[in-house]
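J.: got a sequence here, can you build the structure:
(2 chains)
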Amino acid sequence: MQPSERQQHADLLRENKALRQRNAAAMQYIRRKVDQLLTVMGTSPLRAEELDDNTLIELDPIGIVSDSFVQVLHHLKETNDQLKTAHDEITAIFKSAGMGILVIDRDLRVLAYNRKIQEQFCVTQNVKDSVTCREILCQTVKDENCPARQAIRSGTSVRREMDLAGRRFDMIATPIQDKQGAASQVVLVYMDLTDRIQAQEDLRRSEERYRDLFENATDLIQVLNSDGSIQYVNHAWQEALGYRAEDLVGMSIFDVIHPDCTDCGPEFKSVVCGHKGGRFETLFITKARRTLVVEGNVSPIVENGVFVGTRGIFRDITERKRSETTVAAEREQLAVTLRSIGDGVITTDINARVVLINKVAEHLTGWRQDEAVGRTIQELFPIKDERTGADRVCPVEKVLQTGTPCELEGNAVLVARDGARHLITDSVAPIRDRDSNVSGAVLVFRDVTERKKLENRLIKSEKIESLGVLAGGIAHDFNNLLNSIIANIDIATRLVKPDSDVQQSLQRAQKASTKAKELTQQLLTFSKGGAPVKRLASIADLIRDTADFGARGTNVRCQYDFAPDLWNAEVDEGQISQVIQNLVINAVQAMPQGGTIEIAARNLEFGRMTSPALGPGHYVMITVRDHGHGIPPENLNRIFEPYFTTKSTGSGLGLATTYSIVKKHDGAIDVESSLGNGTIFSLYLPATLAAAAPVERSAAPLPRQEQSGRILVMDDDELVRETAGVLLDLLGYQADFAVDGERALELYQQAQQAGAPFDAVIMDLTIPGGKGGLATIRQLLKIDPQARAIVSSGYSTDAVMANYSQHGFSGIVVKPYTLDELGDELQRVLGKK
Amino acid sequence: METIEIDMRGQLCPATLLVALKEINARASLLRKGAVKLCFLIDNRDATGTIPESASNMGYAVTVAKQPEGWYRIEVAVRT
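T.: Numbers count the residues shown, from 1 in each chain, chains lettered A, B, ... in the order given. Down below sits the predicted model:
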């Protein structure tokens, strides 16, 4: 081997050794790095015996681990990204959360807080690091009650409601634990409950308000289920229907609908079944079976388009109904009253248009209520002046303007729709509303046509009566004169020879005197003194006898038409006979060409209101109708006046006397006449339903006998006394005289005492200024109960004369009397002895 | 999902871990897509700590199940 070779060999050996050392160092390095990487990966280092160098190189653990690291890094990056997103999310939540979030450490030092905390607790942004939560939030909370401390101690969440800064919070303290499990931080979350509590409180109050409203409502409120069962009713409902809360379980509305309400039942059913809603009236029945009338509204309750029930509110209108009925009845009564009033009543509105018109007003105006309403008062109520015929203004408008009541002046005539005229009086008064404003007028009027007639008749009757007094006075005096004349003619006739020429003169004088006597009798009858001497009589007989007599010897015939059941009447036959005679004579005179007088008699019954001239009761109506020339209208009002006559031969006393007689019989007389057609006189005499007594006829004249006796004549008229003296002497009596009652009684007593008493006393009924016959007879009978007195008067129809015996007189002679009349009466009276 | 079983029973750490990591690296793409999952059969107890720790750090879901025979199934799959 060459040195060079040796050298080369040695070099190679050195080089090999160096290379081996270098390789071993490299392997050493690789093994160290592999172990480091394996440790990082969390596993144990390689053991030398586990892998030889070649296997190690072949396995390439560094390559494996570095590949794994790539994946670890990739995963870490992903994880970091996720963490960042999560962090951002948490930050966003933290900032924007609607609740306050505060993070503190275990020493309560504030680490972080969000904006809500700032708002809730007025925390400034720059809170120093060392500031604790106690300082900024809850200074007043005691340590042992601090939820943060409790959370730190317990390591679990603590929840509590707290009052902080004047508000109520729901507070949760959640500890954040470190790796050792110790609470290193606490997250405090504050949810503000104040508004929610307030809202709940508001809701509660609102509910309470509604409940109060419902429970204290006076109306009946109900909520029903769809089948009509009761879900809710208020207190008023229970009260009104008499049910308690416990009664309502299982009850249905159909338990309270009145079974009698056949109409409202189906109606109500259709509502509770949801078919319809609305307002209606129905009848409920209470637990105590009392009926209530209710009015109300029911409406369906619909939830999500499904009918689930009804709600209803009702009002008890039972009382209102009752009062409505009462008011209606009162209104009806008022209307009936108004329509029944005897006066015409018209009410108008403020425009003088008719609102109401009663029955009488309908009758007088000729407008019916339905036609009249809405028309003006001028149209309905035209009035004219009775005398001038000029239009007059109805005072309604004036009253509406002035508001003061007003009366229509007299002589107003209402012209009815058919032209009929009614003399009226009226008064108008304003109608005022509650505020005293004039809202209309009421016109009350009355037909006074009949009253006016009656007034006229009264005036006429007063006139006639005053004339009667005058006539009576004259007749009385005249009668006394006539008494003397007639008696003296009588005496003279007896003193003169029958064939003497003087007899004729005396007979003419006697005839004239007789006519004069009849005249004075008529005057006396007409005058005050002629009270009728009534007896129950048959009117038919009386009329027939008298009328036939009156028409005798004329070309006029009487035709009678009497009701078959004609009532009788209590009348003075003489007077009524005179009445009939007067009427018949007038009728005969009205028909100079002859004809028929129709005389009829009917029964009439007057109620209270049917005749203003006569009282209510039974009457006999006698009509005397002629077909003569009639009475001119201007005379018609005067025919009953005394001395009013259109006849050349008439006395003017016939109808005046007739009027007077009828009046004194409590009757009435009316006349209707039309020129050329005749006249009807209508007499009304009070009837008696009893049968008439047979007429008592006066006894036949007694045969003349020679008389004797003492007679006392009492009369204030000297002429009468003298004449009586002559007549008594002629009759054979011895006469004595007294001027008045006092003197007569004196003489009577003297004669008694002297033993030569008077057999009879003839007394004048009336002694002016002295004791008259009536007063004297009373005293005379006291002195001598057997005394006989004959009353003498011109008033043949005087009540005393008519009923002389009742007053104590034994007989009667009517002045002027003849010798025979006096003789007969004395003979009759003395004959009774 | 395909399951690939790798039987490493009888091997010791850290070789077990390196083999497991090598298998995971080799199929990283399929594993992440969820196409396969790896199932390591091991009887080395230490490996039940190292393999899951490493696979978890690499972002995989790992389950360890002890078998009655005394060995372990360690499944590595994508995280859901």
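
J.: what's the average pLDDT for the helix or strand hosting residue A:455?
T.: Using DSSP states H and E, residue A:455 sits within helix A:449-495. Average pLDDT, helix A:449-495: 78.

J.: what's the answer for stretch A:211-220, then?
T.: Here the average pLDDT along stretch A:211-220 is 88.

J.: quick one: buried residues of that stretch?
T.: By 16 or more other CB atoms under 10 Å in any protein chain shown, the buried positions in stretch A:211-220 come out as A:214, A:219, A:220. For the C-beta atoms, the positions are set from N, CA and C on the backbone; glycine is no exception.

J.: mind checking the end-to-end distance for it?
T.: 14 Å (CA to CA, to the nearest Å).

J.: returning to that earlier point: quick check, nearest of the buried residues of stretch A:211-220 to chain B?
T.: residue A:214 (59.9 Å; CB to the nearest CB).

J.: the closest one looks like it's in a helix, true?
T.: Yes - counting by DSSP: H, G, I helix; E, B strand; the rest coil, one finds residue A:214 located in a helix.

J.: write down the beta-bridge partners of residue A:232, one by one.
T.: residue A:223 (DSSP bridges).

J.: now it: how far from residue A:280?
T.: 21 Å (CB to CB, to the nearest Å).

J.: more neighbours, these two?
T.: Counted by other CB atoms under 10 Å in any protein chain shown, residue A:232 and residue A:280 do not tie: residue A:280 has more neighbours, with 17 against 14.

J.: which other helices and strands contact the helix holding residue A:455?
T.: strand A:421-432, helix A:501-526, helix A:654-664, helix A:718-731, helix A:819-831 (3 or more CB pairs under 8 Å, 6 or more residues apart in numbering or on different chains; DSSP states H and E).

J.: turn those into a markdown table, columns for distance to residue A:574 and mean pLDDT.
T.: Output for the helices and strands packed on helix A:449-495, formatted as a markdown table (distance: least, CB to CB, whole Å; pLDDT from 0 to 100):
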| stretch | distance to residue A:574 | mean pLDDT |
| --- | --- | --- |
| strand A:421-432 | 40 | 88 |
| helix A:501-526 | 9 | 79 |
| helix A:654-664 | 9 | 83 |
| helix A:718-731 | 24 | 86 |
| helix A:819-831 | 16 | 87 |
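
J.: of the ones you listed, flag the one that's most buried.
T.: helix A:654-664 (a mean of 24; mean count of other CB atoms under 10 Å in any protein chain shown).

J.: could you point out which element follows that helix?
T.: strand A:668-674.

J.: how many neighbours does the nearest residue to residue A:43 once chain neighbours are set aside have?
T.: Of all residues not flanking residue A:43 in the chain, residue B:50 sits nearest, at 4.0 Å (CB to CB, 6 or more residues apart in numbering or on different chains). Residue B:50 has 22 neighbours, counted by other CB under 10 Å.

J.: so how far is residue B:17 from residue B:50?
T.: On the measure of CB to CB, residue B:50 and residue B:17 end up 5 Å apart.

J.: what sits in contact with each of these two?
T.: A:41, A:43 (CB atoms under 8 Å, 6 or more residues apart in numbering or on different chains).

J.: what are the boundaries of the strands in the stretch 151-300 of chain A?
T.: Counting by DSSP state E, counting those that start in this stretch, the stretch 151-300 of chain A has these strands, from start to end: A:158-164, A:167-177, A:183-192, A:220-225, A:230-233, A:278-285, A:291-303.

J.: mean pLDDT for those strands: which is lowest?
T.: Among the strands of the stretch 151-300 of chain A, strand A:278-285 carries the lowest mean pLDDT, a mean of 82.

J.: the inter-axis angle of that strand versus strand A:291-303?
T.: Per axes from the mean of the first three to the mean of the last three CA atoms, to 10 degrees, the angle that strand A:278-285 makes with strand A:291-303 is 130 degrees.

J.: buried residues, strand A:278-285. List them.
T.: For strand A:278-285, by 16+ other CB under 10 Å, it's A:280, A:282, A:283, A:284, A:285.

J.: show me what that strand is packed against.
T.: helix A:264-272, strand A:291-303.

J.: what is the mean pLDDT for the first one?
T.: Going back to what we said before, that points to helix A:264-272. The model assigns helix A:264-272 a mean pLDDT of 61.

J.: and for stretch A:390-402?
T.: pLDDT averaged over stretch A:390-402 gives 87.

J.: which of the residues in that stretch are buried?
T.: A:392, A:394, A:395, A:396, A:397, A:399, A:400.

J.: and for that stretch, what are the contacting residues?
T.: So stretch A:390-402 is contacted by A:348, A:350, A:352, A:377-378, A:381-385, A:405-408, A:412, A:426, A:428-430, A:438, A:440-441, A:443 (CB under 8 Å, 6+ apart).

J.: just the buried ones out of those residues, please.
T.: Buried by 16+ other CB under 10 Å: A:348, A:352, A:377, A:381-384, A:406, A:408, A:412, A:426, A:428, A:430, A:438, A:440-441, A:443, out of the contacts of stretch A:390-402.

J.: what about the residue of chain B found nearest chain A, how many neighbours?
T.: Per CB to the nearest CB, residue B:59 is where chain B lies closest to chain A, at 3.0 Å. Residue B:59: 20 surrounding residues under other CB under 10 Å.

J.: what parts of chain B come near chain A?
T.: B:12-15, B:17-18, B:21-22, B:24-25, B:28, B:46, B:49-50, B:53-54, B:57-59 (CB under 8 Å from any CB of the partner chain).

J.: among the residues you listed, the buried ones, what's the PyMOL command?
T.: To isolate the buried ones among the residues of chain B next to chain A in PyMOL, judged by 16+ other CB under 10 Å, type:
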select buried, chain B and resi 13+14+15+17+18+21+22+24+25+28+50+54+57+58+59
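
J.: quick check: closest non-adjacent residue to residue A:784.
T.: That would be residue A:752: by CB to CB, 6+ apart, it lies 6.7 Å from residue A:784.

J.: and residue A:790, that's in a strand?
T.: Yes - using three-state DSSP, the assignment for residue A:790 is a strand.

J.: could you count how many residues lie near residue 32?
T.: In the absence of a named chain, this looks at chain A. Residue A:32: 12 neighbours (other CB under 10 Å).

J.: that's the other chain; I wanted chain B
T.: 16.

J.: got a list of what it touches?
T.: Contacts of residue B:32 by CB under 8 Å, 6+ apart are residue B:78.

J.: so it is in which element?
T.: helix B:28-33.

J.: show me the contacts for residue 57.
T.: In the absence of a named chain, this looks at chain A. residue A:30.

J.: chain B was what I was after
T.: Contacts of residue B:57 by CB under 8 Å, 6+ apart are A:42, A:72, A:75.
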